[in-house]
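Student: Need coordinates for the below:
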Amino acid sequence: MGDPAEDLLWAMLPEGLRGHFEIASHEKTADSFKIVLIEPAVVPPNLPKRYKGRMIQNSVLKVKVIDDLAIRGRRCKLELHRRYWRFEGIEEMYCRPVPWIMEGTKISQDLGNFLKGTD
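Tutor: Take a look at the predicted model:
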């Protein structure tokens, strides 16, 4: 078990984030919480077949802000710094899939299910 404060933050976040991101910072204001998560520069072990065995040319971080369930009556924003990898001989960059984001939206799967009335 690590730092109790960090463990508490992870407990409030959508399942699956902890294995892919590190907490960089968090901020509380009068009406919101913002939690900044950064994907580390570690090549994902389960790369699709077309990327395996190819040299990595570089990686970049792109920021995506996701709305999540409110915490203690405050809006919750997750600022994800997602890593995109460029591999030799492949035009498009690879980014690890994120099942916790509702497809086609900027909201978490948990918030989407809550708004739809499903679990």
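Student: who's in contact with the nearest residue to Pro40 once chain neighbours are set aside?
Tutor: When the adjacent residues along the chain are set aside, Pro40 lies closest to Glu22, with 5.8 Å between them (Cβ to Cβ, 6 or more residues apart in numbering). Placement of C-beta: from N, CA and C, glycine included. Shown in contact with Glu22 (Cβ atoms under 8 Å, 6 or more residues apart in numbering): Leu37, Ile38, Glu39, Pro40.
Student: What about the residues you listed, which are in helices?
Tutor: Among the contacts of Glu22, no member is found in helices (DSSP state H).
Student: Keep only those of those that are in strands.
Tutor: Leu37, Ile38 (DSSP state E).
Student: give me the low-pLDDT residue ranges for this structure?
Tutor: 1, 99-119 (pLDDT under 70).
Student: Who are the contact partners of the spatially most central residue of the chain?
Tutor: Geometric centre of the chain, nearest residue: Leu80, 4.7 Å, by Cα atoms, centre = their mean. Leu80 makes contact with Phe21, Leu37, Glu39, Val63, Lys64, Val65, Ile66, Val98, according to Cβ under 8 Å, 6+ apart.
Student: With that, I have no additional questions.
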